[in-house]
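>>> Only the shape, not the letters, is given here:
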């Protein structure tokens with residue numbers, strides 16, 4: 001099998017390094033934000049669609065609605081803004097007093113927006129009205145890893161995720177290693193799991209939770225919330241970072257240093273190790289058929305792997321002097337400024353560079369060779 005990459009776009013509008021990238025669900029728009037500016041790009045034409053600025057507060061997270069109509073961004077000043085992603089018109093600004101807002105996500109039907117700050121809040125997207133305020137028991141202090149320095153803040157939620165068609169809402173508090181599962185009918189806390197990162201399988205029948213020491217990942221059955229298996233490295237000094245499920249939900253990929261490890265979720269045993277001899281790897285992503293794995297590589301590189309053989313079929317290196325993303329202390333274990341959008345027989349890969357530019361590559365592979 002062979003693969004190739006062609007540079008589609010080199011997007012230049014940011015003066016500071018982009019902190020996060022996100023393709024819209026319909027694949028037509030790429031959102032990119034640095035500390036204070038959020039920009040929407042047309043993926044096909046390279047046109048700048050909208051530019052939103054927040055001169056006073058640092059931006060920490062963003063999310064598209066499932067229909068790609070809206071985009072929301074969270075800020076360090078405790079506010080979240082919802083814009084029309086097509087027209088750039090501001091729909092609502094929701095605000096909480098004296099709290100940084102770090103995470104947010106739309107429900108699957110797009111009717112509510114969940115935001116994570118010192119507590120979990122749920123807002124009506126149409127009216128902007130606060131519907132629910134959820135607080136789990138215990139101390140909610142987390143160590144939030146900002147781009148350039150590590151700081152302590154009380155009561156902040158780093159991640160919110162809807163699942164089961166919006167029937168449950170998951171919030172993650174890393175400093176207390178608390179993953180909370182909320183029932184969205186009663187808005188009551190159902191279960192609490194120890195961990196600081198959560199990832200659902202595509203059928204949402206399993207939840208992978210990383211341990212607070214980064215040495216294990218535990219797989220839970222979401223019908224019973226019972227522990228199904230534990231993925232554990234043989235070297236307790238080796239950290240394994242956040243997981244992603246294969247499309248058939250039989251395997252989980254974790255990464256650590258120059259390795260990506262594939263695990264059988266039923267047995268908890270590792271079945272394959274993919275190794276890069278030159279660079280640290282991060283953010284692995286499976287193609288829709290599970291036969292291709294694309295990952296980022298140290299200093300804004302790109303790797304494409306044949307999952308069955310473990311062979312590296314494409315190695316894309318950046319220019320000299322690119323920033324080493326491993327030096328950024330992100331909660332999710334790697335830089336979020338790397339996004340993959342899979343399509344028929346290929347993928348678009350967006351990578352942020354230290355000069356503020358974002359490059360989109362068209363990656364193709366041929367299974368006949």
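Ah, there it is. As the structure is a prediction and not an experimental result, all values here were calculated from the model.
>>> Quick one: neighbours of residue 126, just the number.
Number of residues near residue 126 (other CB atoms under 10 Å) recorded here: 11. (Each C-beta comes from the backbone N, C-alpha and C, glycine too.)
>>> Excluding chain neighbours, give the residue nearest to it in space.
In this structure, residue 126 finds its nearest non-sequential neighbour in residue 111, 7.1 Å apart by CB to CB, 6 or more residues apart in numbering.
>>> For residue 131, see how far away that neighbour is.
Distance, residue 111 to residue 131, by CB to CB, to the nearest Å: 10 Å.
>>> Likewise for residue 66?
Residue 66 sits 18 Å away from residue 131, going by CB to CB.
>>> Of these two, which one has the most company?
Each of residue 66 and residue 131 has its neighbours counted (other CB under 10 Å); residue 66 has more, 17 against 14.
>>> And the more buried one, its phi and psi?
For residue 66, the backbone dihedrals are phi -60, psi -30 (criterion: degrees, to the nearest 10).
>>> does it really touch residue 25, like I thought?
Yes. Contact criterion CB atoms under 8 Å: residue 66 and residue 25 qualify, at 5.7 Å.
>>> Enumerate every residue touching the residue nearest to residue 126.
By CB atoms under 8 Å, 6 or more residues apart in numbering, residue 111 lies in contact with 124-126.
>>> And the residues you listed, which is closest to residue 269?
residue 125 (43.3 Å; CB to CB).
>>> Got the domain ranges for the chain?
1-44+276-330+337-369, 54-196 (automatic domain parsing).
>>> What is the distance between the longest one and the centre of its chain?
Its chain's C-alpha centre and that of domain 54-196 lie 14 Å apart, by CA atoms, centre = their mean, to the nearest Å.
>>> can you give me the end-to-end distance of it?
With CA to CA, to the nearest Å as the measure, the ends of domain 54-196 fall 29 Å from one another.
>>> Over to stretch 84-96?
End-to-end for stretch 84-96, by CA to CA: 22 Å.
>>> Could you point out which residue ranges in the protein have low pLDDT?
Applying pLDDT under 70 to the chain picks out residues 55-56, 98, 137-155, 234-237, 318-336, 368-369.
>>> before we move on, back to that, now render the contacts of residue 111 as JSON lines, adding distance to residue 358 and secondary structure.
Output for the contacts of residue 111, formatted as JSON lines (distance: CB to CB, whole Å; DSSP: H, G, I helix; E, B strand; the rest coil):
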{"residue": "124", "distance to residue 358": "33", "secondary structure": "strand"}
{"residue": "125", "distance to residue 358": "27", "secondary structure": "coil"}
{"residue": "126", "distance to residue 358": "32", "secondary structure": "coil"}
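>>> and of those, the nearest to residue 345?
Using CB to CB, the contacts of residue 111 come closest to residue 345 at residue 125, 35.4 Å.
>>> and that closest one, how many neighbours?
Residues near residue 125, counting by other CB under 10 Å: 21.
>>> ok, now how distant is it from residue 110?
6 Å.
>>> list residues touching both of these two?
Common contact partners of residue 125 and residue 110 (CB under 8 Å, 6+ apart): 65, 70.
>>> Tell me the strands beside the helix or strand residue 284 falls within, with direction?
Assigned by DSSP states H and E, residue 284 falls within strand 281-286. Note on strand 281-286: by DSSP bridges, its sheet partners are strand 292-297 (antiparallel).
>>> The strand it pairs with: what's the following helix or strand?
strand 301-306.
>>> What is that next one packed up against?
strand 2-11, strand 292-297, strand 312-316, strand 358-366 (3 or more CB pairs under 8 Å, 6 or more residues apart in numbering; DSSP states H and E).
>>> contacts for it?
For strand 301-306, using CB under 8 Å, 6+ apart, the contacting residues are 1, 3, 5, 260, 274, 276, 279, 281, 291-297, 311-318, 349, 351, 361, 363, 365.
>>> Quick check on those residues: which are buried?
1, 3, 5, 260, 274, 276, 279, 281, 291-297, 312-314, 316, 318, 349, 351, 361, 363, 365 (16 or more other CB atoms under 10 Å).
>>> Contacts for whichever helix or strand residue 71 is part of next, please.
Residue 71 belongs to strand 70-75 when elements are defined using DSSP H and E. Strand 70-75 has contacts (CB under 8 Å, 6+ apart) with 24, 31, 33, 38, 40, 52, 54, 57-65, 80-85, 91, 100-104, 106, 110, 113, 115, 125.
>>> what about 7 Å?
By CB atoms under 7 Å, 6 or more residues apart in numbering, the list of residues contacting strand 70-75 from outside reads 31, 33, 38, 40, 54, 57-64, 80-85, 91, 101-104, 113, 115, 125.
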